[in-house]
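> coords below, sequence missing:
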């Protein structure tokens, strides 16, 4: 099969629904793609594995994949 014979990828209804949900989540969470001073996801209590650059955030209000340099208002230091 050649690349020209593959169907053009198109977003599905679920993709649009997820985009809207995640957009609301980022607005409600004050989720930012850059650190806030020394506070960033990979040094937060809720970042599942600080050695990975993208990891699961298990904070009850988020529960999504985040980047190590991201930040949100629920940042908590690792004890």
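Yep, it's here. Predicted model only: the values in this text are computed from it and were never measured. Residues are numbered from 1 along each chain as shown.

> Check which helix or strand residue 15 maps to.
Assigned by DSSP states H and E, residue 15 belongs to helix 13-29.

> Which residues does that helix contact?
Applying C-beta atoms under 8 Å, 6 or more residues apart in numbering, the contact partners of helix 13-29 are 31, 61, 62, 64, 72, 73, 74. (Glycine included, C-beta is placed from N, CA and C.)

> Just the buried subset of those, please.
Neighbour-count burial (16 or more other C-beta atoms under 10 Å) applied to the contacts of helix 13-29 gives 31, 62, 72, 74.

> could you redo those residues as a markdown table and give each row secondary structure?
Below are these laid out as a markdown table (DSSP: H, G, I helix; E, B strand; the rest coil):
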| residue | secondary structure |
| --- | --- |
| 31 | coil |
| 62 | coil |
| 72 | coil |
| 74 | coil |
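
> tell me which residues of the helix or strand of the chain with the lowest mean pLDDT are tucked away?
Lowest on mean pLDDT, DSSP states H and E among the helices and strands of the chain sits helix 13-29, with a mean of 88. Neighbour counts over helix 13-29 (16+ other C-beta under 10 Å) mark residue 29 as buried.

> chain center to the following helix or strand past it: distance?
Next in sequence after helix 13-29, counting helices and strands by DSSP H and E, comes strand 54-57. Relative to the chain's own centre, strand 54-57 is displaced by 7 Å; criterion: C-alpha atoms, centre = their mean, to the nearest Å.
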